[in-house]
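# Got a sequence here, can you build the structure:
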Amino acid sequence: MLDWLLGKGLKAQEIEKAVEKILQEYDHYIVHYQKPPRAKQEFENRYRLARLKMMDMAFFLSEEIKILKALMAKAEEEKREQLLAEMNPRPKSDKPKSYADRVIEKLQKAIEPYPSRGIHPQANLDVDKLYGALEWLATSIWPQMVPHLRTIDSQKTRERDLELSQLIPASGRLGREEEVYKSLLTEPAPLNRIAQQQKELILRASFWLHRTRVLIQTGSASNDTRIKEVCEKALAFWDRIIVDFRLRDLKPPKED
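Coordinates of the predicted model:
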């Protein structure tokens, strides 16, 4: 991966090409191995610092490639170990887990890699992780997609962009419905009221994901190679989130 840049000075265009390729590999790492986006964000922070310090980009990027290869190798080893563990399960304990416990454990494992939103210490795990995933999309993926989606449908793109800004405001603030949920947990409010707000939060997030997915899917059929490539990769993120959070059936009304 990118071995062509080792041992040579890089032009601005080559640096841009290398960084883009590294970011794509991080996206693959996140999706394929179901890893949180932290490693990609740390690379982006190191890259910004390297530019500020005017570091030798060939050296910097070659070192970053080594870091990424090490992460990939470690993730692949973990995947092999997990496969071996599944093929050779540990002996069952004297007290077997109930069916409900096994289902909950499986569901929690699917969303474990996603970042937490940090709404409240007592927040429902699905809500906290789902909005953590939306925050990641809002900061790391969505801004790169908007220019391409505008060429597909500028009106729909503006609508989805506005909805996302309401779900995940800038500057690390919580959205209006998140604040309501946080207040309910802090009081604390009756359990049925808390459950109602959790449902509202999940529905809002799911509706946005499904509406946006329709727009992205349209882009994946574009005749423009670049738009098609970007949208096809984005669909992998969207579908992974929808499956992991069990949102496939929580679609907005057809007339929407």
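# where in the stretch 151-256 of the chain is pLDDT low?
255-256 (pLDDT under 70).
# how about the helices in it?
In the stretch 151-256 of the chain, the helices defined using DSSP state H, counting those that start in this stretch lie at 154-167, 176-186, 191-220, 225-244.
# right, so of the ones you listed, which gets closest to Pro115?
In terms of CB to CB, the element of these nearest to Pro115 is helix 225-244, at 11.9 Å. For every residue, glycine as well, the C-beta is placed using N, CA and C.
# helices or strands up against that closest one?
The contact analysis (3 or more CB pairs under 8 Å, 6 or more residues apart in numbering; DSSP states H and E) places helix 225-244 against helix 12-32, helix 99-111, helix 142-152, helix 191-220.
# Identify each buried residue in the shortest one, please.
Neighbour-count burial for helix 142-152, counted by 16 or more other CB atoms under 10 Å, picks out 142, 145, 148-149, 152.
# So of these, which two are at opposite extremes in space?
So, those by CB to CB: farthest apart are Trp142 and Ile152, at 14.4 Å.
# For the helix or strand containing Ser62, give the mean pLDDT please.
In the assignment (DSSP states H and E), Ser62 maps to helix 57-87. Across helix 57-87, pLDDT averages out at 81.
# For Glu178, which non-adjacent residue is spatially closest?
Distances taken as CB to CB, 6 or more residues apart in numbering place Ile119 nearest to Glu178, at 5.5 Å, with adjacent residues excluded.
# Okay, that neighbour and Trp208: tell me how far apart.
Relative to Trp208, Ile119 is positioned 17 Å away (CB to CB, to the nearest Å).
# Any idea which of the helices of the stretch 151-256 of the chain gets closest to Ile111?
helix 225-244 (5.4 Å).
# before we move on, the earlier item: tell me which residues of the helix holding Ser62 are tucked away?
Under 16+ other CB under 10 Å, the buried positions of helix 57-87 are 57-58, 60-62, 64-65, 68, 71-72, 75.
# by how many degrees do it and helix 12-32 diverge?
Relative orientation of helix 57-87 versus helix 12-32 (axes from the mean of the first three to the mean of the last three CA atoms, to 10 degrees): 10 degrees.
# so how far is helix 57-87 off the chain centroid?
In this view, helix 57-87 has its centroid 19 Å away from the chain centroid, taken as CA atoms, centre = their mean, to the nearest Å.
# what's the answer for stretch 32-41, then?
Centroid displacement of stretch 32-41 relative to its chain, using CA atoms, centre = their mean, is 8 Å.
# Repeat that for stretch 141-160.
18 Å.
# Need the residues that contact that stretch.
With CB atoms under 8 Å, 6 or more residues apart in numbering as the test, stretch 141-160 has contacts from 161, 164, 208, 211-212, 215-216, 218-219, 222, 224, 226-227, 230-231, 234, 237.
# which of these count as buried?
Looks like those have 161, 164, 208, 211-212, 215-216, 219, 222, 227, 230-231, 234, 237 buried, using 16+ other CB under 10 Å.
# What is the neighbour count of the residue nearest to Glu178?
20 (other CB atoms under 10 Å).
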